[in-house]
Each structure stands twice: as C-alpha cells, then as structure tokens.
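Asks: Pasting the sequence and the predicted model now:
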Amino acid sequence: MKALHFGAGNIGRGFIGKLLADAGISVTFADVNETVVNALIERGEYPVKVVGVDSVVDTVSNVTAVNSTSPEVVDCIAVSDIVTTAVGPTVLNIISKTIAQGIELRFSQGNTTPLNIIACENMVRGTSQLKTTVYGHLSDEVKAQAEQLVGFVDSAVDRIVPPAEEGETDPLAVTVETFSEWIVDRTQFKGNVPNIPGMECTDNLMAFVERKLFTLNTGHLITAYLGVLAGHETIKDSIEDDAIRTQVKAAMQESGEVLIRRYGFDPQTHAAYIEKILGRFANPYLRDEVDRVGRQPIRKLSPQDRLIKPLNGTLEYNLPNEHLLKGIAAAFHYKNDDDPQAVELQAMFAEKGFAETLAHYSELNVDAEVVKLAEQAYLAIK
C-alpha cells in the first residue's frame, strides 16, 4: 500500500506517519520545508524518541518526501491508497485544490481502486469539512465518481508531540509521548478498511471526538492559560501546581458530565480517563511549553472548539460550568505578541470590551447570563 501524508512536522512524523510506516505502508510526506523534505529523500528514515517510564528510540523507515507545492504531489495522490493530513485547519483549505487535482488525475488515468482520505487534525469532523472544500474544485461528473471511489474518513487523534528538544540538530528527530489514540469512522471508508495497528475503528466517532476535545484539549488549554497567569513555562510545571490542577480537573469534570449525559459514558470509567489525561500533562520527559498550547485563542474560542462547545453542553443539560468559565476568562489574559490571533483578540477586547469580544468569536448571545458570568470570572482573575 502507498500513503501520501501532508505535513512532515512533528505530529506528521511522530504520530500518523509513524503508524502508517510501522504498518508496512510506503509513506511519502508532502511539506514545504525543504530541509525536512530533502533529508527524508536522502535518508529514507528518521528517529522517533518515545518517552515515558521506559524511553526508546524507534527508527521509522520506508519513507520519502515531496515538496507539497510541486506537481509531484498530484502524481502521488493519483497512485496512493491513503491520503492523510496533519497540517492544521488553515492549511487544510489550501491543500484542498491539490487533492482535487490528484483525484481528477487519478480518474483520468483509469485508476478505479478506492482512495481513502483522513484529516488527522484537532477539528470536529475535519475530513468532512475538507471534502466540502475539495468538492468545490471538482466538476459534477468527477464528484459523482468520487462518491463511489473516494472515502472521506473523519477521525479523532490524540498524542502530545512537543517541539524539538533544545539543542537538537537533526531536522528529522522528533519526541512523542507513549500514549497515542487514532480513532476513525468505519462507516466512511471506501473498499476494505486498511489494517493499521494503532488505528481504531468505531461506528460512533462523535463520542470519541468530543471525549478527546472536552477532556484532553479543554484541560490542556486551561492548564496553559492558568499556567501563564501563574508564571509557569511548561504544562508539567503548571499541572504540578496544586491550585491549577484542582481548577483543571474541575473543568474536565464539568465537561465530562456533558459527555456522560450525551453519550452514556460510564462515570467511573470517565473519571479514570480524566486522571490518565492529568498524568500525561505531568510527563517529566516532555517539555511542552504553555505558549505553544495557548496559541490561537480565537480559534479555541470558536463555537465548535474546546472551550465553547463543552460550555454549550453544560447549558444544554443545565449543568455547572464555573470552572469552564474561568478557563474562558483566562483566555482573555493570554498575551503573545508573536501570535497574530492573540494580538487580534486583545485589540478587539481593548476596543469593544469583554462581552462583545467573547460574543463575536464564540457566537454566544452578548446579553446572555453566561457571558456576564464569564466577564465576572475575568474580573475575578484580574
């Protein structure tokens, strides 16, 4: 089998690309970073340091790369069995045209074997969103053929992959935690579901998408924002601050109650899942900086993301949300001149005030009681 993976960054190499290669699939990475692309072509392998109680260095082999702006990418799509991504929501839109061109070439060459596309992003139903964008570049005739032969498979991904360790000189070296979870929607595949150890199939993907979003993502972000306020540099230092750990755990319990009501999760099992996530945040072998996790606050305050979506769930089921509101309030204290979204958020906040700014990005009603409570939480932190 052949796979094309968009994004040769740390997540691409350390998580999805590794699982694909470990399954015996020939992997081609597509990226714009010439240093990484050339190193992958030259070496055909790279090291992944998996850190936990027992740290090991795995060698990922049978890989190569192409520049994602070159015509070669379209050729790769035409002959691949799987296309995966780990590029972020913005870039996902950019590569949609390339994917469309690859599908067109594939069909024009008479390739009628199924192609499955899986966006491995921190997004809810990211592949379905990608499909809509890709279809915008296709003719009705090609779309009809794609409906039969191209699977757009939604997924939930979970692995903490921090930036390269300080002093690391190998452009291909990457460090990851031991834990990983890649869950895909079995119902969306075309043809046979590939056998990839570490890729789990489900018929109820949204339960797992929201479990990860409401727990790992929500907790991670609130840990970062409270950590910034407390003067901590890393997630580990932040979560080992008892006051922060208490707040983060309480927020995860609030979002967890939504999951229990919505999907029937067992309360004790979910409580254990929360404890596992908290333990991962404290991994002493990972240096995960609060500034990295806190970036792009506007996206993270959007209606379908890790702060507002669980909050809306608490409103739907009339559940407590005090600690989620504190996490939302803490986002307004996040300042980072190197992050355009943080700069934009602070600029609108200075001009419009808390309520209008939160309502604008979250789509909450500006006059809603929950917005007033969030502003009170902001003032309490201040």
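Replies: That came through fine.
Asks: how about the strands in the stretch 151-300 of the chain?
Replies: Taking DSSP state E, counting those that start in this stretch as the test, the strands found in the stretch 151-300 of the chain are 155-158, 174-177, 181-185, 199-202.
Asks: Equivalent analysis for the stretch 1-150 of the chain, please.
Replies: For the stretch 1-150 of the chain, strands defined by DSSP E, counting those that start in this stretch occupy the ranges 2-6, 26-31, 45-51, 56-61, 63-67, 82-85, 115-119, 150-152.
Asks: any idea how this protein splits into domains?
Replies: 2-203, 206-381 (automatic domain parsing).
Asks: want to throw those domains into TSV with mean neighbour count and mean pLDDT?
Replies: To be clear about C-beta, it is placed using only N, CA and C from the backbone, and glycine gets the same treatment. Output for those, formatted as TSV (neighbours: other CB atoms under 10 Å; pLDDT from 0 to 100):
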stretch	mean neighbour count	mean pLDDT
domain 2-203	19	95
domain 206-381	19	96
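Asks: Could you dump the strands of the stretch 1-150 of the chain into JSON lines and include distance to Leu286?
Replies: Conversion of the strands of the stretch 1-150 of the chain to JSON lines gives the following (distance: least, CB to CB, whole Å):
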{"stretch": "strand 2-6", "distance to Leu286": "23"}
{"stretch": "strand 26-31", "distance to Leu286": "23"}
{"stretch": "strand 45-51", "distance to Leu286": "6"}
{"stretch": "strand 56-61", "distance to Leu286": "15"}
{"stretch": "strand 63-67", "distance to Leu286": "24"}
{"stretch": "strand 82-85", "distance to Leu286": "24"}
{"stretch": "strand 115-119", "distance to Leu286": "25"}
{"stretch": "strand 150-152", "distance to Leu286": "32"}
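Asks: quick one: the helices in the stretch 51-200 of the chain?
Replies: Under the criterion DSSP state H, counting those that start in this stretch, helices of the stretch 51-200 of the chain are mapped to 72-79, 89-108, 126-135, 140-149.
Asks: Compare the strands of the stretch 1-150 of the chain and report which one is nearest to Leu379.
Replies: Proximity to Leu379 (CB to CB) singles out strand 115-119 among the strands of the stretch 1-150 of the chain, at 39.1 Å.
Asks: If you count contacts, what does that closest one end up packed against?
Replies: Packing contacts for strand 115-119, counted by 3 or more CB pairs under 8 Å, 6 or more residues apart in numbering; DSSP states H and E, involve strand 82-85, helix 89-108, helix 126-135, strand 150-152.
Asks: hang on, the earlier thing: tell me which of the helices of the stretch 51-200 of the chain approaches Thr202 most closely.
Replies: Set against Thr202 and scored by CB to CB, the helices of the stretch 51-200 of the chain come closest in helix 126-135, at 14.3 Å.
Asks: Just the angle for that closest one relative to strand 115-119, thanks.
Replies: Per axes from the mean of the first three to the mean of the last three CA atoms, to 10 degrees, the angle that helix 126-135 makes with strand 115-119 is 120 degrees.
Asks: what sits against Asn116?
Replies: Asn116 sits next to 81-83, 150-151, 153, 189-191, 194 when contact means CB atoms under 8 Å, 6 or more residues apart in numbering.
Asks: can you tell me how far it sits from Phe189?
Replies: Distance, Asn116 to Phe189, by CB to CB, to the nearest Å: 6 Å.
Asks: roughly how far is stretch 235-250 from the heart of the chain?
Replies: 22 Å (CA atoms, centre = their mean, to the nearest Å).
Asks: Stretch 328-347 too?
Replies: How far stretch 328-347 lies from its chain's middle: 20 Å, per CA atoms, centre = their mean.
Asks: Using CSV, list the CA coordinates for it.
Replies: Coordinates of each C-alpha in stretch 328-347 appear next as CSV, following Å, rounded to 0.1, in the frame of the first residue of the first chain:
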residue,chain,number,x,y,z
ILE,A,328,-12.6,31.1,29.0
ALA,A,329,-11.9,34.1,31.1
ALA,A,330,-8.2,33.1,31.4
ALA,A,331,-8.0,33.1,27.5
PHE,A,332,-8.6,36.9,27.7
HIS,A,333,-5.5,37.3,29.8
TYR,A,334,-3.3,35.4,27.3
LYS,A,335,-1.0,37.9,25.6
ASN,A,336,1.6,36.8,23.0
ASP,A,337,3.0,39.3,20.5
ASP,A,338,4.2,36.5,18.3
ASP,A,339,0.7,35.1,17.9
PRO,A,340,-1.5,37.1,15.4
GLN,A,341,-4.7,35.7,17.0
ALA,A,342,-3.7,36.7,20.5
VAL,A,343,-2.9,40.2,19.2
GLU,A,344,-6.2,40.4,17.4
LEU,A,345,-8.1,39.2,20.4
GLN,A,346,-6.5,41.8,22.7
ALA,A,347,-7.1,44.5,20.1
